[in-house]
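Here is a sequence together with a model predicted from it:
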Amino acid sequence: MDTEQARELLTQARERIERALEDLAPADVESVTDPFEAADVGGDLLEAELGEGLAERLRAELQAIDRAEQRLSDGTYGISVESGQPIPEGRLQAIPWAERTTDEQARYEASGG
């Protein structure tokens, strides 16, 4: 994959993730519900907790995009950080911030990484 295409994919991914994070920003629930009525806020609390989990994953993806942009600058983009093997272009098309090959990523996640 050429540098410009990689840079464009990373930019698009960053913009998409940043928009998603903005959409997850908590609304002002106090203005709509009575804070003393548990039934009124229960759904909002669950939604907020689920949203925070998603936000955490999105922030981790932004950090991975930062690292991918650094690898792009260093000339090591598309090379596995684990083995030094090339990451297949199809994987980079799907996940432009990929740091490992599919097999390496599966092993990394299985080991708790």
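Structure's in. What do you need?

Tell me how many other residues surround Glu104.
17 (other CB atoms under 10 Å). The way it works is simple: take the backbone N, C-alpha and C, and place the C-beta from them, glycine included.

Ignoring the adjacent residues along the chain, who's closest to it?
Excluding its sequence neighbours, the residue lying closest to Glu104 (CB to CB, 6 or more residues apart in numbering) is Glu82, at 4.8 Å.

right, and the one you found touches Ala106 too?
No. Using CB atoms under 8 Å, Glu82 is not in contact with Ala106, being 11.6 Å away.

Of those two, give the one with the bigger neighbour count.
Glu82 (15 against 11).

how near is the more buried one to Gly53?
Distance, Glu82 to Gly53, by CB to CB, to the nearest Å: 27 Å.

Kindly report the same for Glu89.
For Glu89, the distance to Gly53 equals 31 Å [CB to CB].

How confident is the prediction for the residue nearest the centre of the chain, by pLDDT?
Closest residue to the average C-alpha location of the chain: Glu61 at 2.3 Å, with CA atoms, centre = their mean. Looking at Glu61, its pLDDT reads 96.

where's it, which helix or strand?
helix 38-74 (DSSP states H and E).

okay, now Ile17: neighbour count?
Number of residues near Ile17 (other CB under 10 Å) recorded here: 19.

Wait, a helix at it?
Yes. Looking at Ile17 with DSSP: H, G, I helix; E, B strand; the rest coil, it is inside a helix.

Helix or strand with the lowest mean pLDDT in the protein?
The weakest-scoring helix or strand in the chain, judged by mean pLDDT, DSSP states H and E, is helix 38-74 (a mean of 79).

Just the C-alpha atoms of stretch 17-25, please, in PDB.
Output of stretch 17-25 as PDB, limited to C-alpha atoms (Å, rounded to 0.1, in the frame of the first residue of the first chain):
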ATOM      1  CA  ILE A  17     -13.700   7.500  15.500                       C
ATOM      2  CA  GLU A  18     -13.600  11.200  16.700                       C
ATOM      3  CA  ARG A  19     -17.200  11.700  15.500                       C
ATOM      4  CA  ALA A  20     -18.300   8.500  17.300                       C
ATOM      5  CA  LEU A  21     -16.700   9.700  20.500                       C
ATOM      6  CA  GLU A  22     -18.500  13.100  20.200                       C
ATOM      7  CA  ASP A  23     -21.800  11.200  19.700                       C
ATOM      8  CA  LEU A  24     -21.100   9.300  22.900                       C
ATOM      9  CA  ALA A  25     -20.700  12.400  25.000                       C
END
